[in-house]
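Undergrad: Attaching a predicted model along with its sequence, questions to come.
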Amino acid sequence: MPRRRKILLALLIPTLLVTAWQWLAPKPPYENQPDPQAGAEIRYVRLTRDHSFHWMHIRMEVHGKTTSELLPHLALVTASGRRLTPAGLELEGHGKGQATAEGPHLDHLEGLTAQFWMGLEDFSGPLELQIGDGSLTVRTGSGSPEVPPNKEVIHHTCDW
């Protein structure tokens, strides 16, 4: 085998091993003990800055719940007790649902992204998402998040 081919093979094998490990390694949960009554688990939180405000997108995986079980109580609660309702929702799922005055209905909801418009004062302490009959920890830290202009920051744990 020519020398160049051996070098390429020696570089390719470790690269493939690292790539496979990144894809197949188990991912840590967003929070250690998610509330089973919530019927969902947070996968990640994405922040984008819009002048002095932030858009927060909370991506969740839903476990066998319908929209009518989860959405009526959906709110983000700040450290000061302020309840924020979603400015937008993206639903993933299927079923024979009928739209109601409260919004769309899906018999089997698989994924959900809730979008919240937040001011700097909303980041003064921990954030909790009330969903279904439970609640999920969105953030344990406090203070204004560092988000560069025209960029987004993605958090995979609640420790930010």
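TA: Perfect, thanks for sending it.
Undergrad: Please make it C-alpha for all contacts and neighbour counts, starting now.
TA: OK.
Undergrad: For Ile154, list the residues it contacts.
TA: Neighbouring residues of Ile154 by CA atoms under 8 Å, 6 or more residues apart in numbering: 44-47.
Undergrad: what would those residues look like in a markdown table with secondary structure?
TA: Converted to a markdown table, those look like this (DSSP: H, G, I helix; E, B strand; the rest coil):
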| residue | secondary structure |
| --- | --- |
| Tyr44 | strand |
| Val45 | strand |
| Arg46 | strand |
| Leu47 | strand |
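Undergrad: Of the residues you listed, which is the most crowded?
TA: Val45 (22 neighbours; other CA atoms under 10 Å).
Undergrad: which non-adjacent residue is nearest it?
TA: In space, and not counting its chain neighbours, Val45 is closest to Ile58: 4.6 Å by CA to CA, 6 or more residues apart in numbering.
Undergrad: That neighbour and Pro86: what is the separation?
TA: 10 Å (CA to CA, to the nearest Å).
Undergrad: Please identify every residue contacting each of those two.
TA: 114-115.
Undergrad: Of these two, which one has the most company?
TA: Counted by other CA under 10 Å, Ile58 and Pro86 do not tie: Ile58 has more neighbours, with 22 against 18.
Undergrad: does the more buried one sit in a helix, a strand or a coil?
TA: Ile58 is classified as strand under three-state DSSP.
Undergrad: shouldn't it be in contact with Arg46?
TA: Yes: if you go by CA atoms under 8 Å, Ile58 and Arg46 touch, sitting 6.6 Å apart.
Undergrad: And the least confident helix or strand in the chain by mean pLDDT, how far out from the chain middle?
TA: Every helix and strand of the chain was ranked by mean pLDDT, DSSP states H and E. The lowest is helix 67-70, at a mean of 81. Distance of helix 67-70 from the chain centroid (CA atoms, centre = their mean, to the nearest Å) equals 18 Å.
Undergrad: Take that helix, keep the C-alpha atoms, and write them as PDB.
TA: The C-alpha trace of helix 67-70 is given here as PDB (Å, rounded to 0.1, in the frame of the first residue of the first chain):
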ATOM      1  CA  THR A  67     -53.000  19.400  23.200                       C
ATOM      2  CA  SER A  68     -56.000  19.800  25.500                       C
ATOM      3  CA  GLU A  69     -54.100  18.100  28.300                       C
ATOM      4  CA  LEU A  70     -51.000  20.300  28.000                       C
END
